[in-house]
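Asker: From the sequence below, what's the structure:
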Amino acid sequence: MSESLQTAKIYLGRHCKTAWNLEGRLIGTTDLPLCDVGWAEIEETFPIIEALNFDRIVTSPLKRAHDTSKSYTDKIGIPLDIYQDLRELDHGDWNGQKYDDLLADPEGDFKKWWIDGDISIPIPNGPETLEEVQQRIVRTIKDIALAYPGEKVLVVMHKHIRSLFTCYLLGVDLSNFRANINETVEPIELSDEDLQKLL
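Answerer: Reported below is the predicted structural model:
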């Protein structure tokens, strides 16, 4: 990374749980609130967030991420910014359906897409391809890194776009999308090397 180009220190977090997370449903861009388990998760993870001494939090506009982020920022007293392009992958016709039901459907393509990693299969009525979503999230993390030079920033996002971003950092094919999904809410620190890949 060029010494003259200072960036933010970025940590990638995830929203706390919704009812659909507990039910094993694809949420996508469905704008659900947190459930009681999710609010309890905020209380459990807050000491970790507080100890990292973030300067600000940047969040997806979707309610589950925004509510998670706003709860943290209200408690700490730091700024909260919303980036529209941190929204989750839109699963099209698969939104709201249970993984188990989709996987059991002999007529559907979800199993080939999800288990076999056949990303040539389009998401039915999905507005973006995985490649387009990956480009969106890479561009957005770069924008955030450059927008807050010298700050420590928590980015609260969603597991599928975090996975697509991870594939980019690792330099692996998007067929590895499912294998790189990380369900954790706790922040994952990006290294200087990771940030350099964006610049």
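Asker: From here on, just use CA atoms for contacts and neighbour counts.
Answerer: OK.
Asker: tell me the centre residue of this protein?
Answerer: Centroid-nearest residue in the chain, with CA atoms, centre = their mean: residue 158, separated by 2.6 Å.
Asker: just the strands in this protein please.
Answerer: With DSSP state E applied, the chain shows strands at 9-14, 56-59, 80-82, 152-157, 188-189, listed in chain order.
Asker: got JSON lines for those strands, with mean pLDDT and distance to residue 88 too?
Answerer: What follows is these, written out as JSON lines (pLDDT from 0 to 100; distance: least, CA to CA, whole Å):
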{"stretch": "strand 9-14", "mean pLDDT": "97", "distance to residue 88": "11"}
{"stretch": "strand 56-59", "mean pLDDT": "98", "distance to residue 88": "11"}
{"stretch": "strand 80-82", "mean pLDDT": "98", "distance to residue 88": "13"}
{"stretch": "strand 152-157", "mean pLDDT": "98", "distance to residue 88": "7"}
{"stretch": "strand 188-189", "mean pLDDT": "96", "distance to residue 88": "18"}
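Asker: thinking again about what came up before, please tell me how far the residue nearest to the centre of the chain sits from residue 88.
Answerer: Distance check for residue 158 against residue 88: by CA to CA, to the nearest Å, it reads 6 Å.
Asker: Residue 181 now?
Answerer: 13 Å.
Asker: thinking again about what came up before, list the residues that contact the residue nearest to the centre of the chain.
Answerer: Listed by CA atoms under 8 Å, 6 or more residues apart in numbering, the contact partners of residue 158 are 14-15, 65, 86-88.
Asker: Among the residues you listed, which one sits closest to residue 109?
Answerer: Proximity to residue 109 was ranked across the contacts of residue 158 by CA to CA; first place goes to residue 88, at 20.6 Å.
Asker: Can you get me a residue count around residue 191?
Answerer: Taking other CA atoms under 10 Å as the criterion, the count of residues near residue 191 is 11.
Asker: Roughly how far does residue 131 sit from residue 57?
Answerer: When CA to CA is applied, the distance between residue 131 and residue 57 equals 26 Å.
Asker: Next, show the common contact partners of residue 181 and residue 88.
Answerer: Residues touching both residue 181 and residue 88 (CA under 8 Å, 6+ apart) are 159-160.
Asker: For the two, work out which one has more neighbours and name it.
Answerer: Neighbour count, other CA under 10 Å: between residue 181 and residue 88, residue 88 has more, with 23 against 17.
Asker: Any stretches of the chain with poor pLDDT?
Answerer: Confidence mapping of the chain against pLDDT under 70 gives the ranges 1-4.
Asker: The same query, at a cut-off of 90, please.
Answerer: 1-6, 106-108, 116, 119, 199 (pLDDT under 90).
Asker: Show me which helix runs longest in it.
Answerer: helix 130-147 (DSSP state H).
Asker: now that one against strand 152-157, angle please.
Answerer: Angle of helix 130-147 versus strand 152-157, following axes from the mean of the first three to the mean of the last three CA atoms, to 10 degrees, is 160 degrees.
Asker: So what touches helix 130-147?
Answerer: With CA under 8 Å, 6+ apart, helix 130-147 has contacts from 6-10, 83, 85-86, 89, 119, 161, 164-165, 168, 174, 195, 198-199.
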